[in-house]
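In: Give me a model of this one.
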Amino acid sequence: MAVPKRRHSKSRTRKRRSTYYNELEPPQLMECNNCGNSKVMHRACKYCGHYRGRKVMEPSDDYMA
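Out: Numbering: from 1, shown residues only. Here you go, the predicted structure:
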């Protein structure tokens, strides 16, 4: 079985790991067709509970204005 001859330095390890955070993208947002608030695509609106024109859940009290 292969075993490393030398230990990788902290800077080399951190440089490799830092690319992960550079490649992350923020979630795609869109306007809710029912209430007009912004929501994450392919998810029910947290303000009104609608998804694809249907009410699929009751909105949480935390988001009620």
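In: burial of residue 45, as a residue count?
Out: 24 (other CB atoms under 10 Å). Any C-beta I mention is one placed from the backbone N, CA and C, and that applies to glycine too.
In: Name all residues that make contact with the residue positioned nearest the centre of the chain.
Out: In the chain, the centroid-proximal residue (CA atoms, centre = their mean) is residue 27; its distance is 4.6 Å. Residue 27 makes contacts with 40-41, as judged by CB atoms under 8 Å, 6 or more residues apart in numbering.
In: can we see that at 7 Å?
Out: By CB atoms under 7 Å, 6 or more residues apart in numbering, the contact set of residue 27 is residue 40.
In: how would you label it: helix, strand or coil?
Out: coil (DSSP: H, G, I helix; E, B strand; the rest coil).
In: where's it relative to residue 59, distance?
Out: Taking CB to CB, to the nearest Å as the measure, residue 27 falls 19 Å from residue 59.
In: Show me what residue 39 bridges to in the sheet.
Out: residue 30 (DSSP bridges).
In: Identify the bridge partners of the residue nearest to residue 43 when sequence neighbours are not counted.
Out: Excluding the flanking residues, the one nearest residue 43 by CB to CB, 6 or more residues apart in numbering is residue 51, at 7.2 Å. Beta-bridge pairing of residue 51 under DSSP bridges involves residue 54.
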